[in-house]
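**Student:** Generate a structure from the sequence data that follows.
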Amino acid sequence: MAESKNYVEQEQENGKILISEDVIASVTALAVREVKGVYGLSLSASLDISKILNKTNFHKGIRVNIAEEGVSIACNLVVRSGEPVMTVAKAVQENIANAVFSMAGIRPIRVDVNVCGVAIPKTPKK
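**Tutor:** Residues are numbered from 1 along each chain as shown. Predicted coordinates for the structure are as follows:
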């Protein structure tokens with residue numbers, strides 16, 4: 001295992017289970033994509049259209065911090081134009097917490113959603 005990554009350690013009867021921060025970030029990315037009104041994630045807190053992430057590197061807009069007190073997650077969200085920003089952000093926050101608990105057995109102590117922009121979806125060319 002790489003030394004630079006952090007892991008959540010869970011003791012079990014037959015040994016321990018380690019869950020990497022990358023796994024938590026991937027679960028988080030899946031949870032974000034499920035929410036209606038999400039346009040994407042951004043690498044930074046400022047909206048730069050060139051830095052909106054596509055589906056192949058979507059999890060890079062997510063930060064996972066594993067500490068003694070627990071796991072905290074943060075993401076920079078871009079909402080689709082016309083969607084209620086607060087409603088989408090709250091739905092993302094809840095979906096992340098539920099998905100991480102459901103899939104990894106970890107209840108995040110904190111889920112921060114930074115809405116850094118609103119974007120109009122591209123219309124397909126005819």
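**Student:** What residues of stretch 96-109 count as buried?
**Tutor:** Of the residues in stretch 96-109, 96, 97, 99, 100, 103, 104, 106, 108 count as buried by neighbour count, 16 or more other Cβ atoms under 10 Å. Using the backbone N, CA and C atoms, a C-beta is placed for each residue, glycine as well.
**Student:** next one: stretch 5-23
**Tutor:** Neighbour-count burial for stretch 5-23 flags 6, 7, 8, 19, 20, 21, 23 (criterion: 16+ other Cβ under 10 Å).
**Student:** helices and strands around the longest helix seen in the chain, which ones?
**Tutor:** Ranked by residue count, the top helix of the chain under DSSP state H comes out as helix 85-104. Contacting helix 85-104 under the criterion 3 or more Cβ pairs under 8 Å, 6 or more residues apart in numbering; DSSP states H and E are the following elements: helix 21-33, strand 70-80, strand 110-119.
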